[in-house]
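Q: here's my sequence, what's the structure:
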Amino acid sequence: IRDRDRGGPGVAFQLLVCPMLDDRNTTPSSREFTEAVVWDRSANLYGWRALLGDAVGTGDVSPYAAPARAADLSGLPPAFVDVGELEVFRDECMDYAQRLAQAGVSTEFHLYPGAFHGFDMMVPDTTLSRRAVAARVAALRRALRP
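A: Purely as a prediction, here's the structure:
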């Protein structure tokens with residue numbers, strides 16, 4: 001978003017792997033996962049406080065820090081967004097991917113069933129993890145092909 005707003009240097013592609021996008025923590029999934037394998041609600045709240053301090057959840061948060069707060073997502077580079085079904089980021093990632101597409105940004109979105117945050121690193125040899133990594137690599141190849 002900052003690159004677009006400041007006119008460069010020009011980002012070619014967004015590879016958003018289970019991204020942390022919204023400091024407000026008001027989605028159903030941000031409330032649902034009070035216990036998780038890797039990243040639960042309390043860890044997420046701590047992470048946002050570490051980044052934003054007392055501004056967390058207030059109107060003083062820039063979309064450069066919390067991209068879900070951006071009112072306008074048009075003009076952004078193509079995006080790949082993926083997230084696990086069983087993690088705090090699920091709903092904010094789905095919403096962000098939908099908003100990107102509605103703003104005319106070419107967007108590929110993957111929701112991995114039964115997956116928790118970091119599943120591909122913790123259980124890399126599973127079919128689902130291999131599929132997730134392959135999808136990311138394929139997206140990067142398409143985006144960066146000359």
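Q: the residue lying closest to L51 once chain neighbours are set aside: neighbour count?
A: Using C-beta to C-beta, 6 or more residues apart in numbering and skipping residues adjacent in sequence, the residue nearest L51 is A65, 6.3 Å away. All C-beta spots, glycine's among them, are computed from the backbone N, C-alpha and C. By other C-beta atoms under 10 Å, the residues close to A65 number 14.
Q: and what of T107?
A: By other C-beta under 10 Å, neighbour count at T107 equals 21.
Q: surely it touches D82?
A: No: T107 is not in contact with D82 according to C-beta atoms under 8 Å; the separation is 11.3 Å.
Q: host element of the residue nearest to L51?
A: In this assignment (DSSP states H and E), A65 forms part of neither any helix nor any strand.
Q: and V105, by the same measure?
A: Counting by DSSP H and E, V105 is part of no helix or strand.
Q: so it touches A70, yeah?
A: No: V105 is not in contact with A70 according to C-beta under 8 Å; the separation is 11.4 Å.
Q: who's more crowded, the two?
A: A70 (20 against 17).
Q: can you give me the helices in this structure?
A: Shown for the chain, the helices assigned by DSSP state H span residues 2-6, 28-32, 41-52, 90-102, 119-122, 127-144.
Q: contacts for the first one?
A: For helix 2-6, the external contacting residues (C-beta atoms under 8 Å, 6 or more residues apart in numbering) are 9-11, 64, 75-76.
Q: list buried residues within the residues you listed.
A: L76 (16 or more other C-beta atoms under 10 Å).
Q: just flag the most distant two among the contacts of helix 2-6.
A: Based on C-beta to C-beta, the longest span within the contacts of helix 2-6 runs between G10 and Y64 and measures 16.7 Å.
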